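Peer 1: just the structure for this:
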Amino acid sequence: MTDLQTRAAPTKPTKASWLRRLLSSTHELDDRAAESAAEATGCCKATLAQPREVVRVRGVLQSVTIVPAASHERLEAEIWDGSGRPITLIWIGRNDIPGINAGVTMYVEGRIAEKAGRYVLFNPKYELVCSRKQPEGAAPRAARAALR
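Peer 2: Numbers count the residues shown, from 1 in each chain. This next block holds a predicted model:
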């Protein structure tokens, strides 16, 4: 059997799924889209990751912050994959990385740590995702939140 023969045929959306989608908020739709995109690429969900495990996560940067410190300046970003748990990315000794901006979709890979009850990746490997052009008037979730 070939790979094409083993794939399941696409299912037709039901009335219930159309109604659920119609009644969902934009945040819920964004979360579902991010989660399904991560699953389609074989990435780990943030909610399934365990401390000290090496993970590859796909998501959207929700915020990017420069944290000045007397000894170690760092760049912090929060990535959201739609699964319900954000992961904080920390690049120690950096105050700017070209392409790392709020609203950017990216893959990150590294060893998960838990710091003050949140998941953190220190100096992760990253890959920016080239996205299609947004329709006119559409804005990423982070940009919409900033407009409120």
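Peer 1: would you map the helices across this protein?
Peer 2: 3-6, 15-23, 26-40, 141-147 (DSSP state H).
Peer 1: how about low-confidence regions in this structure?
Peer 2: 1-13, 15-41, 131-148 (pLDDT under 70).
Peer 1: max-length strand in it?
Peer 2: Criterion DSSP state E: the longest strand present in the chain is strand 54-67.
Peer 1: partners of that strand in the sheet?
Peer 2: strand 74-80 (antiparallel), strand 105-115 (antiparallel) (DSSP bridges).
Peer 1: so G110 makes contact with W91?
Peer 2: No: between G110 and W91 there is no contact under C-beta atoms under 8 Å: 10.7 Å. For glycine as for every other residue, the C-beta is placed from the backbone atoms N, C-alpha and C.
Peer 1: how about F122: what's its closest non-neighbour residue?
Peer 2: The spatial neighbour of F122 that comes closest, neighbours along the chain excluded (C-beta to C-beta, 6 or more residues apart in numbering), is I90 at 5.2 Å.
Peer 1: hang on, that neighbour packs against E78?
Peer 2: No: between I90 and E78 there is no contact under C-beta under 8 Å: 10.3 Å.
Peer 1: what touches both of G110 and W91?
Peer 2: Any residue near both G110 and W91 by C-beta atoms under 8 Å, 6 or more residues apart in numbering counts here, and that gives N123, P124.
Peer 1: list the contacts for the closest residue to R56 other than its chain neighbours?
Peer 2: Spatial nearest neighbour of R56, chain neighbours left out: E109 (4.5 Å); criterion: C-beta to C-beta, 6+ apart. For E109, the contacting residues are V54, V55, R56, V57, P124, K125, Y126, by C-beta under 8 Å, 6+ apart.
Peer 1: the third one - how many residues pack around it?
Peer 2: Under the neighbour criterion other C-beta atoms under 10 Å, R56 is assigned a count of 17.
Peer 1: could you number the chain from 27 rather than 1 from now on?
Peer 2: All set: I'll call the first residue 27, so the last point we hit is now R82.
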